[in-house]
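>>> would you be able to build a 3D model of this:
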Amino acid sequence: MSPPHASLHGLLVVDKPGLPADPEPGTSYDLPTSHDVVQRVRRWSGQRRIGHAGTLDPFASGVLVLCLGVATRLAEYYTGHDKVYRAHVRLGTATETYDPLGRVVETCPLPELDEARIRSVLAGFLGPQEQVPPAFSAIRQGGERLYHKARRGETVQVKPRRITVHRLELLELLPPDRLHIRVHCSAGTYVRSLAHDLGRALDSCAHLSYLRREAAGPFQVGQAHTLDTIREAAQAGRLPELLLPLGTGLHLPRLELDPETARRLGQGQRVPIEAAALLDPVRPRRRDRLQGLDLQGRLRGILQVLDVRDDGTLLCKAEKWLVYPGTQATP
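Numbering: from 1, shown residues only. Sure, this is the predicted structure:
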């Protein structure tokens, strides 16, 4: 018999636990990975189909978005969003991983923590730029994660990637060696590399000693639930109360589908839809994506606009169709 919550479908925002603030480098901790969090929620919920919308490093805490059941088919639409982090940078020591879990590989003289200079250096990291990710990262190279190569002592050549730092705010100076910052950045940004590069820019060296993701796209840490809360809710039969509905935070225009239109879209057909079916005041263009909702307001799929006819009719096809338990299967 399936566990009581095996049919759960929706988004679960988790407050992943991580390291306490500013631990000593190289200290050993028993920290759950993002995969561990998925496994625990899978066990507590009984829902086997669980994915995530972007991992966090083991030492980092904060927003981790899980997709349960039918929502796993939407995971790709929740990746690629901007992120907001609170980060602590410790100057004077560099580690091999750029974080507090790694071995110290360099010590440097400490710079004077002059606020005006710090703000000037931070301003230099704003905007589009090329960033070199850490050698100890999950990026694949030759079919293997870079951190596997780095742990074997191999020389790793990491290609820079294009990122954008939208905002970099100095929160606090804690002499002689601590900076607290808030970072609003594009997906793919390594705050560990930012901390490492910041140390160099201050004529010293540095590592990231604490990281907390405060937001991932539209999801805020205030919406997140601790693992204890999730476990207790599952045991009490209240886990559905913690889930956000499918489509939450997608920010795509909504289109209402009558049963016949939904049936045809679910069969893979190209279907003309009157512009009057739009629920939002927008004028879609060719190749735009829309959310297709049934008459009960339930998300049925992500549609792509193939053409916009002269009379405003939208020719659409399902890019991703959601099959709920008890409904017809996807063709």
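>>> can you give me the helices for this structure?
34-45, 115-123, 146-151, 191-201, 227-235, 259-266 (DSSP state H).
>>> buried residues in the last one, which are they?
Read it as helix 259-266. T261, A262, R264, L265, G266 (16 or more other CB atoms under 10 Å). All C-beta atoms are positioned from the backbone trio N, CA, C, and that covers glycine.
>>> can you check the longest one too?
Judged by neighbour count (16+ other CB under 10 Å), helix 34-45 contains these buried residues: S34, V37, V38, R40, V41, W44, S45.
>>> spit out the contact partners of the second one.
What that stands for is V37. Listed by CB atoms under 8 Å, 6 or more residues apart in numbering, the contact set of V37 reads V14, K16, L64, L66, L227.
>>> out of the residues you listed, who's nearest C185?
Taking CB to CB as the measure, C185 lies nearest L64 of the contacts of V37, at 17.1 Å.
>>> from R231, how far out is E169?
Remark: distance between E169 and R231 (CB to CB, to the nearest Å) = 35 Å.
>>> who has more neighbours out of these two?
R231 (17 against 13; other CB atoms under 10 Å).
>>> what's near enough to touch that one?
R231 touches R40, W44, counting by CB under 8 Å, 6+ apart.
>>> and it, what pLDDT?
Model confidence at R231, expressed as pLDDT, equals 97.
>>> equivalent analysis for S2, please.
41.
>>> in the protein, where is pLDDT below threshold?
Segments of the chain classed as low confidence (criterion: pLDDT under 70) are 1-6, 25-28, 135-156, 326-331.
>>> nearest residue to the residue nearest to the spatial centre of it in space, ignoring adjacent ones along the chain?
Central residue of the chain (CA atoms, centre = their mean): G54, 3.9 Å from the mean position. Spatial nearest neighbour of G54, excluding adjacent residues (CB to CB, 6 or more residues apart in numbering): T79 at 5.4 Å.
>>> so how far is R289 from the one you found?
15 Å.
>>> what's the answer for V65, then?
19 Å.
>>> more neighbours, these two?
V65 (26 against 16).
>>> go ahead and confirm the more buried one touches V221.
No: counting by CB atoms under 8 Å, V65 sits too far from V221 to count as a contact (11.4 Å).
>>> ok, V70 touching W321?
No: contact criterion CB under 8 Å: V70 and W321 do not qualify, at 10.4 Å.
>>> and the longest strand for the chain?
Longest strand in the chain, counting residues (DSSP state E): strand 161-174.
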